[in-house]
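Enquirer: sequence isn't available, so here's the structure alone:
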């Protein structure tokens, strides 16, 4: 049985603003099941945290719930919650088989959480995952380096550009941001 997949997430930090965008497409195999899904969330823990997911939808929502619990237990400490979530993900017999990735961000930090036990911080303030992740990452890096666009505008445009190239990415982004320029 094929599983549903959420596809492309991109995060950008620029001038004190962090933005996270997700396309709205969910696919089942090679069929588009939904184009208006919201795969990014704002968690009101601490100063606010943005979360986006790509991969099997049910798996990602399970991991999102675990991350939110870890974030509350860590009193809003993003890095501690990320490490705790990944440790649980790797060691729990059921969770270790989940197929998804999470991008989490606050005003200062962008992190990628994977089932391989990785908690990665990018070298540049840009991060992307999902089937269109490489396209969104390339677009966001170029726009960050060579345009005057804000972080939310870069994230939105990166998803739109990825949607022009990747079959599994819609050009219909949902964008959340934290901080003020």
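Expert: Sure, I can see it. Owing to the predicted nature of the structure, the values given are computational and were not obtained by experimental measurement. Numbering: from 1, shown residues only.
Enquirer: what helices or strands is the one helix or strand residue 10 maps to leaning on?
Expert: Taking DSSP states H and E as the criterion, residue 10 maps to strand 9-14. Here strand 9-14 touches strand 17-22, strand 49-56, strand 100-105, strand 126-129, helix 133-146, helix 151-165, going by 3 or more Cβ pairs under 8 Å, 6 or more residues apart in numbering; DSSP states H and E. (Each C-beta comes from the backbone N, C-alpha and C, glycine too.)
Enquirer: report the buried residues of the fifth one.
Expert: Same thing as helix 133-146. Judged by neighbour count using 16 or more other Cβ atoms under 10 Å, the buried positions of helix 133-146 are 133, 135, 136, 137, 138, 139, 140, 141, 143, 144.
Enquirer: and if you look at the fourth one?
Expert: Buried residues in strand 126-129, counted by 16+ other Cβ under 10 Å: 126, 127, 128, 129.
Enquirer: let me see the contact set for residue 42.
Expert: 48, 49, 50, 51, 176, 178 (Cβ atoms under 8 Å, 6 or more residues apart in numbering).
Enquirer: distance of it relative to residue 123?
Expert: To residue 123, residue 42 is 26 Å away according to Cβ to Cβ, to the nearest Å.
Enquirer: returning to that earlier point: nearest to residue 37, of the buried residues of strand 126-129?
Expert: Relative to residue 37, the closest of the buried residues of strand 126-129 is residue 129; by Cβ to Cβ it sits at 15.4 Å.
Enquirer: noted, bye for now.
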